[in-house]
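Let's see this in three dimensions:
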Amino acid sequence: MKFLCLCYYDLARFTALTEAQMAELGRICSPRDQQLKETGRKVLDASLAMPHETKVIRPGESGPVVSDGPYASTPEPLGAFFIVEADTLDEAAKIAAIHPSAHLGHILAGGIEVRPIDHFSQA
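Predicted coordinates:
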């Protein structure tokens, strides 16, 4: 079964990072990303642009209406996502806990939400 793992962070903390803290992020992320890859359970992963760099599409009276984003204004926006394969939600959470987002609390706060995927298709 596939699980979507949504990574959130504290936007104010992220925008205030120093060069030294950015370098620390790299030192933490690289080995964790490699560990996650080595599980053989990661299907895909992606980092997202800043929330203000988005468009939102909502249904309107005469069709879709496009506006500047984000969809929801929050101090802890979505910053990345990844999909893992696991037999249970608990196993998926254990795998997701390897991801750097589970180890950056002292820098970015945030965390990871793990959700079962009911339907998945690829083009």
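
which intervals of this structure have sub-threshold pLDDT?
Within the chain, no stretch has pLDDT under 70.

what ranges do the helices span in the protein?
11-15, 19-38, 89-96, 105-108 (DSSP state H).

chain center to the third one, what's the gap?
Using CA atoms, centre = their mean, to the nearest Å, the mean C-alpha position of helix 89-96 is found 15 Å from that of the whole chain.

Can you tell me how far the residue in the chain sticking out farthest from the centre is from Val56?
Here the chain reaches farthest from its C-alpha mean at Ser62, the gap being 33.2 Å by CA atoms, centre = their mean. Going from Ser62 to Val56 by CB to CB, to the nearest Å gives 17 Å. In this view, the C-beta of every residue, glycine as well, is placed from N, C-alpha and C.

got it, and Gly40?
For Gly40, the distance to Val56 equals 36 Å [CB to CB].

cool, Thr74 as well?
14 Å.

Leu4 is nearest to which of the helices of the chain?
helix 89-96 (9.3 Å; CB to CB).
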